[in-house]
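Peer 1: compute the structure for the input listed below.
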Amino acid sequence: MAKGKIRVLIGKPGLDGHDRGAKVVARALRDAGMEVIYTGLHRSPEEIVETAIQEDVDAIGLSVLSGAHMTVFPKVAKLLKEQGADDIVVFGGGIIPEEDRQELLKAGICEIFVPGGATQRTIKFLKERFEAKTGHVNAISPRPANIA
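Peer 2: Predicted structure coming up:
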């Protein structure tokens, strides 16, 4: 991983047409010094993975409010693995029931954020995960233990 800014792709997979939260997170990450690529609405998991690889991102943030998170989040993780790009950190956010969280973590999603202060937790997660891109990635744990 090159030193520099953390590069994050924010994706809105599926038919969900609500992107205000994704835009709020994208702006917060940018304001925190990260490079952010926003894919726009109605992207397929394949499009999101292709864009992430082309843009050489460090992380993908997926936003779903439609209830399709149990399908599209794992699909993105699976596609990254198939492409040999499973070093890209995948995190998700939206209206996600607590009972789905553990299954998503098992499926390769590194963290789940829900509304209510999620932007600051997301910033902290990424900065700790990449230690401001000093060249060290926390490869031992799929997610830092101190993220609430």
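
Peer 1: residues touching the most centrally placed residue in the chain, list them.
Peer 2: The centre of the chain sits closest to Gly61, judged by CA atoms, centre = their mean, with a distance of 2.2 Å. Counting by CB atoms under 8 Å, 6 or more residues apart in numbering, Gly61 makes contact with Val8, Leu9, Ile10, Gly11, Ala22, Val25, Leu29, Phe91, Gly92, Gly93, Thr122. C-beta: built from backbone N, CA, C; applies to glycine.

Peer 1: one more time with 10 Å
Peer 2: If you count contacts by CB atoms under 10 Å, 6 or more residues apart in numbering, Gly61 has them with 8-12, 22, 25-26, 29, 36, 38, 89-93, 111, 113, 122, 125-126.

Peer 1: repeat for Arg20
Peer 2: Ser63, Leu65.

Peer 1: how many other residues sit next to Ile109?
Peer 2: Look at Ile109: counted by other CB atoms under 10 Å, it has 24 neighbours.

Peer 1: got it, and the one 3 residues further on?
Peer 2: Look at Ile112: counted by other CB under 10 Å, it has 21 neighbours.

Peer 1: tell me which element the nearest residue to it once chain neighbours are set aside is part of?
Peer 2: In space, not counting the residues next to it along the chain, Ile112 is nearest to Arg101; the distance is 4.9 Å by CB to CB, 6 or more residues apart in numbering. Per DSSP states H and E: Arg101 is located in helix 98-106.

Peer 1: same check, this time on Arg27
Peer 2: helix 20-31.

Peer 1: quick one on the thing from earlier: helix, strand or coil: sort out the residue nearest to the centre of the chain for me.
Peer 2: Following DSSP: H, G, I helix; E, B strand; the rest coil, the label given to Gly61 is strand.
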